[in-house]
Each structure stands twice: as C-alpha cells, then as structure tokens.
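In: next come a sequence and a model predicted from it.
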Amino acid sequence: DNNNGTISVKYQPSEEGMHYLHVKFNGEQVQGSPFKFHVNKTNTGQAYAYGPGLTHGISGEPAKFDISTKGAGAGGLSLAVEGPSKAEINCVDNKDGTVNVSYLPTAPGEYKIIAKFADEHIPGSPFTCKVTGDNKKKNQISVGSSSELPLPGDLSESDIRALKAFIQSPSGDVEQCFLKKLPKGNIGISFTPREVGEHLVSVKNNGKHISNSPFKIYVNPQEVGDASRVKVSGEGLKMGRTHIFNKFQINTKSAGYGGLSLSIEGPSKAEIECQDNEDGTLDVQYKPTEPGFYIVNIKFADSHIPGSPFHVPISGEGSEKQTENIKRMREAVPVTEVGSQCRLTFKMPGINMRDLDAQVTAPSGRVENANISELEDGLYAVNFVPRELGVHTVTVRYREIDIPGSPFQFTVGPLQDSGAHRVHAGGPGLERGMQGEPAEFNVWTREAGPGSLAISVEGPSKAQIDFKDRKDGSCYVSYTVEESGEYSVGIRFNDQHIPQSPYRVFIIPRSLHADKVRVSSFDREKISVNTPQAILLTKNGAQGNLQCKVVSPTGREEDCYISQVGQDEYSVRYVPRENGTHYLHAKLDGVHVPGSPFSIKVGDDRRTSA
C-alpha cells in the first residue's frame, strides 16, 4: 500500500511466454484486468520489448514502453498501434541499442501494438494493451481576467479578423493577444499583465504595423496577477455531500489581473456552476454524484492559490445504477464428425472481407488455411473440414491482427470440457460505445455445452438489449443507452461470469455541435518551453461548454485558460513546461472538436514519429 490511494503489485515470472495477471476488488475485476503480457529471456540474442504501455494504459495519457535490440544484429525497427483511436507514436533512440517509445490513446478499448525488427515480429508481438477510461472523473472551468486597452484610430469589427496583435514584456517575452469589441463599441486588445513595467504592443495588418503601432503601455504592480493574494472561503472546500451543491467563494479583488482555473476531480464528474459577481469575487458550487475524496485545484495567474489543491471528503449516497438483463437458454450443438463441414460465424460490420484471413490448427499441430464467406452484410463464416478428432484452434485475423475473441477453440467429436470458462466474447461493444448508438459484440457458447446465457448492462441509464441467436453455438448482442458514462456489461453462463466479465465500457456523449468548432491562430512548430502560447476557438453557433487541456510528454496535464474575446470566439492560453510533443485536447461538452487532440512540438525535441 503506497498510502496515497494506490497499491503496487510486484511479481517475478519464472517462465517464458504469455502470462495473465488477474486483479480483483471485492471479487470484481478492476479496469483492464486480466492484464496480458509476454515474458521472454533477455539473453536470447533477439530484440525484445518491455514496459507498461504494452499491457495497460489510461485514455488521454501517454502509454510508454522500451525496445532493446542489443545483440540482435542489424535490422530496421518498425512500429504500429491499432485500436479505437488514432495513436501517434513517438520514439527516442538512446544510441545504446534501446529505444524509448510512447503513444497516446485517446479512447478506451483494446489496442494492438505491432513491433517488428528486421521485418520479423519480436517476441510477444502483436501485444494487446487494454486502455481504460480515467477512474478519476474531472470537470474544469476557467475564467479570464484581462486588462483591456482601446486601440487608436477608426477600426471596425470587420477589421478584427485581418489584424494580429502581440505584446512584448519588459523581459522580452512576446505573447499573442486577441482583439475584441470593448463595451463602449470601440476595438481594443485583451491581455493578462504578468510583469511590472513598460510593454510594447504591436498590431499588424497583413504583416504591416497599423497607424501608431507599436505603442507603449505601462503595467503597475497592482495589475500583475498574484496567486498568493487570492482568498477563498466556504464549507465546500472542507467537506460536502453528494447530489447537492456544495458552495465556496473565491476573492481576487487584491490579486490583480490573471486567468483563474478551477478543476474538480474524484470518483464522479462533478457539475460545476460559477457566478462572476463582477466585483472581483466568484461564487462557485459543485455537485458530485459519488462519495469519496475529491481534489479541488484552484490556480490564478498560472500558480496554485494558498491551500490548493484542496482535498475534500464527500459523503452521501452514490447514483442509482440502472440495470437491464436478458436470459436465453443455449442448446448443445450437434457433435461434429471428422470429414464434415464445420462453420464458425462472427459479425464485424464495416470491414472488407478481403482483409480477413483464417487458419485452423489441428490437435496434431498441422495448420491449414480456412475459407471465409460473407453470409449477409457484416456477418462472416469460417468454413473448414476437420481431419482429426479433438480440439482445433481457429485463428481469424483482420489486417494481420486477431479479431476480438480470436483464437477460438472448436472441438471435433464429443466435448471434452464445458462451463462458463469455455465461453468466448468479443467486439467493440465490450470496449466502447456512443450515446444513442448500438454497441455490438459476439458471444460464442459452442464449447460450453448446454446452459443459460445471461447478459446484463448496468450504468447511468437503462439499456435496450437486442439478442440474435445464430443457431450454430454463437450469437450477436447489441445494446443502446441514452446517457453517456461508464457501464458494466456482464456475461454469465449458468450463473457464472465468463472470463473477463464484467466488462467496463465507456459510452461517450453524442454531440451534434462539436463538429462546428474550428481552431485558428494555432502555431504547432517552433514553440519554446515556458513561453505562453495562445490559440483561437470559434464555436460557429455550437451550443455547449468548451473544455481544454494540454498533456505533456511525461503525461502531466497543463492548465489551459479560456477567455471569450468576441461573439462565439474564445482564446485558449497555455504554457508548455517541457520539451517534446504535447497534445492539446479541445472538447465541447466532452466530445473532441475536429482534429483534437492536436500535436504540438515544443523545443529541440529528439523524438521522431514512427
């Protein structure tokens, strides 16, 4: 026990090959369990890979592993990651025969990591990595506090898009600032003072200074944001209860200008409401739905205020889970004889049959290719004729990667074993889904014998479950839920959970508006560490709340400060603290906007994309 809410598990494998690590809490598998990993000897003269990113990870955080080619001879290294989301790969060659690899999965689910050296898979490849949603649910808001300065001359609102403004501090730092329509109707710039002294403001139109640009402004000491002068009060930072609003107040009257960032993370995503009283104070209230410890981070002008982060115990009842169950009896399939036509079916919509291939391994070890046919749209069958009695292994691959559930066992002759442990399940609906859309998966019960098959879906809303029996020892299941969040999908055979059940599935929100959001004024290259950066988000009429965060190469989340600079336009400011590839996540009501997460290269980075 690490005494900080985490537990470390250490083990010493004694055999080479594939291992499974089961981790349970109160009898239920934890997220990602069982963890699958390959153990190999390090003195075999082969390239090998090791590290947590080969077996498990958390959505939105870099997954890392290392590859050693010491003693493996000459050859090229190739890497690929396939899964529910695009995952950009970054490599650092340490020039000593080892390579540090990281990739960023942005959706939970099962990922395949293909690692080849000299065009041959290294031991254990392709690796299976289970990526879960973050156990801590986080919600955040940001409030911009900026100094506003009117621009000289006769400028109209239509000029805003053609103009670019930059402000240079006394220390020489240059930061982009944004133009906006001021309350009196004239055009001005909005910026956050960070240093005392004379600043130089440059406003350009198509690269040329406008009249009177550059011009000077002076920032007084009381204008510069100082987190140490922010005061907070209220019981909501000491304790709270579920399902009610817990309140506190933030006072920035004496703290100068600065961006205020507030985030709350814990067992549930707490609803946050913030009322700006326009007198330097803000009334904040938040409503968690699950009990436990919550962390309240409050930053002003890029720094934590006194006492932050606050650790707040929340008591009370958790949310009621909605559960839907179905139960079907499964009859034993007829015994298969040597020389008879055998068929194994599965459903995978939206793929091309030419990308599928299948092989059957007989009990004697003989391997033969099997024929694949499409029975109906998205429903495929593997056909083969066995020549031996016993348990055959059917491997089905899509683009050289095992499909969910593969490899399958197929017994020719009487079944040698039966029960829940012989049931197989696989499909995207056991990994992820979208609110209001069917989430689908297959279940194969042929090897388990006769019995009852029960499917349950538990979560924030009741599921509508559809079940289709294919009468060949397999079935197709889909379910639809009307609320986003984390769900538990249980599959039981004769009242016993099958392997890996219950499955934890994250259903993402459906958004009709996120696609409208556009990003501009975005510099992805030639960015220096510790230099403030700003981008512009335009909502284009989209309804909802914007959320932004920057994930650094080491996985640390950097705060973003969002300020409205015009109708439907918002500036997002962040400060990269590390060299390397960062990822900017921009979401509207929890759904990524087009192109998000955006990769940003900071400093002189040795990382190269593979």
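Out: Received it, and whenever you're ready, just let me know what you need.
In: distance-wise, check the residue nearest to residue 321 when sequence neighbours are not counted relative to residue 437.
Out: Spatially, and ignoring its direct neighbours in sequence, residue 321 is nearest to residue 458 (4.9 Å; C-beta to C-beta, 6 or more residues apart in numbering). Every residue, glycine included, has its C-beta placed from N, CA and C. As defined by C-beta to C-beta, to the nearest Å, residue 458 lies at a distance of 19 Å from residue 437.
In: those two: which is more packed in?
Out: Neighbour totals were compared for residue 458 and residue 437, and residue 458 leads with 17 against 14 (other C-beta atoms under 10 Å).
In: bridged to the residue nearest to residue 321, which residues?
Out: residue 323, residue 488 (DSSP bridges).
In: ok, now which ones touch it?
Out: 321, 322, 323, 324, 487, 488, 490 (C-beta atoms under 8 Å, 6 or more residues apart in numbering).
In: any regions of the stretch 451-600 of the chain where pLDDT drops low?
Out: Across the stretch 451-600 of the chain, the ranges flagged by pLDDT under 70 are 511-512, 523-526, 559, 565-566.
In: quick one on the thing from earlier: could you turn the buried ones of the contacts of residue 458 into a PyMOL selection?
Out: Listed next is the PyMOL selection for buried residues among those, using 16 or more other C-beta atoms under 10 Å:
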select buried, resi 322+324+487+488+490
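In: as a markdown table, the contacts of residue 458 with distance to residue 539 would be great.
Out: Formatted as a markdown table, the contacts of residue 458 follow (distance: C-beta to C-beta, whole Å):
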| residue | distance to residue 539 |
| --- | --- |
| 321 | 34 |
| 322 | 33 |
| 323 | 37 |
| 324 | 36 |
| 487 | 30 |
| 488 | 35 |
| 490 | 40 |
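In: what two of the contacts of residue 458 are the furthest from one another?
Out: 322 and 490 (13.7 Å; C-beta to C-beta).
In: so which elements touch the helix or strand containing residue 263?
Out: Following DSSP states H and E, one finds residue 263 within strand 260-266. For strand 260-266, the packing partners by 3 or more C-beta pairs under 8 Å, 6 or more residues apart in numbering; DSSP states H and E come out as strand 137-143, strand 271-276, strand 281-287, strand 292-300.
In: name every strand pairing with it and say which way it goes.
Out: For strand 260-266, pairing defined by DSSP bridges yields strand 137-143 (antiparallel), strand 292-300 (antiparallel).
In: where among these is average confidence lowest?
Out: For the strands paired with strand 260-266, mean pLDDT drops lowest on strand 137-143, to a mean of 59.
In: return the per-residue confidence for the nearest residue to residue 174 once chain neighbours are set aside.
Out: Using C-beta to C-beta, 6+ apart and skipping residues adjacent in sequence, the residue nearest residue 174 is residue 168, 4.9 Å away. On the pLDDT scale, residue 168 is placed at 86.
In: can you give me the distance of residue 168 to residue 460?
Out: Applying C-beta to C-beta to residue 168 and residue 460 gives a distance of 50 Å.
In: of these two, which one has the most company?
Out: Each of residue 168 and residue 460 has its neighbours counted (other C-beta under 10 Å); residue 460 has more, 18 against 15.
In: quick one: the more buried one and residue 482 touch, right?
Out: No. Counting by C-beta atoms under 8 Å, residue 460 sits too far from residue 482 to count as a contact (9.0 Å).
In: which strand or helix spans residue 570?
Out: Applying DSSP H and E, one finds residue 570 within strand 569-574.
In: give me the helices and strands touching the helix or strand following that strand, please.
Out: Following strand 569-574 in sequence order, the next helix or strand is strand 580-588 (DSSP H and E). Under the contact criterion of 3+ C-beta pairs under 8 Å, 6+ apart, strand 580-588 touches strand 546-551, strand 569-574, strand 598-602.
In: just checking: what are the partner strands of whichever helix or strand comes after strand 580-588?
Out: Per DSSP H and E, the first helix or strand lying C-terminal to strand 580-588 is strand 591-592. Applying DSSP bridges to the sheet, strand 591-592 is found paired with strand 580-588 (antiparallel).
In: low-confidence ranges in the stretch 151-300 of the chain?
Out: 151-162, 178-191.
In: quick one: contacts for the nearest residue to residue 285 once chain neighbours are set aside?
Out: What sits nearest to residue 285 in space, not counting adjacent residues and going by C-beta to C-beta, 6+ apart, is residue 245, at 3.9 Å. For residue 245, the contact set (C-beta under 8 Å, 6+ apart) comprises 273, 285, 286, 287.
In: distance to residue 204 added to those residues, as JSON lines?
Out: Rendered in JSON lines, the data for the contacts of residue 245 read as follows (distance: C-beta to C-beta, whole Å):
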{"residue": "273", "distance to residue 204": "40"}
{"residue": "285", "distance to residue 204": "43"}
{"residue": "286", "distance to residue 204": "42"}
{"residue": "287", "distance to residue 204": "46"}
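In: select from the residues you listed the one having the most neighbours.
Out: In those, the most neighbours by other C-beta under 10 Å go to residue 286, 25 neighbours.
In: wait, doesn't it sit right on residue 237?
Out: No. The criterion here is C-beta under 8 Å, and residue 286 misses it with residue 237 at 10.3 Å.
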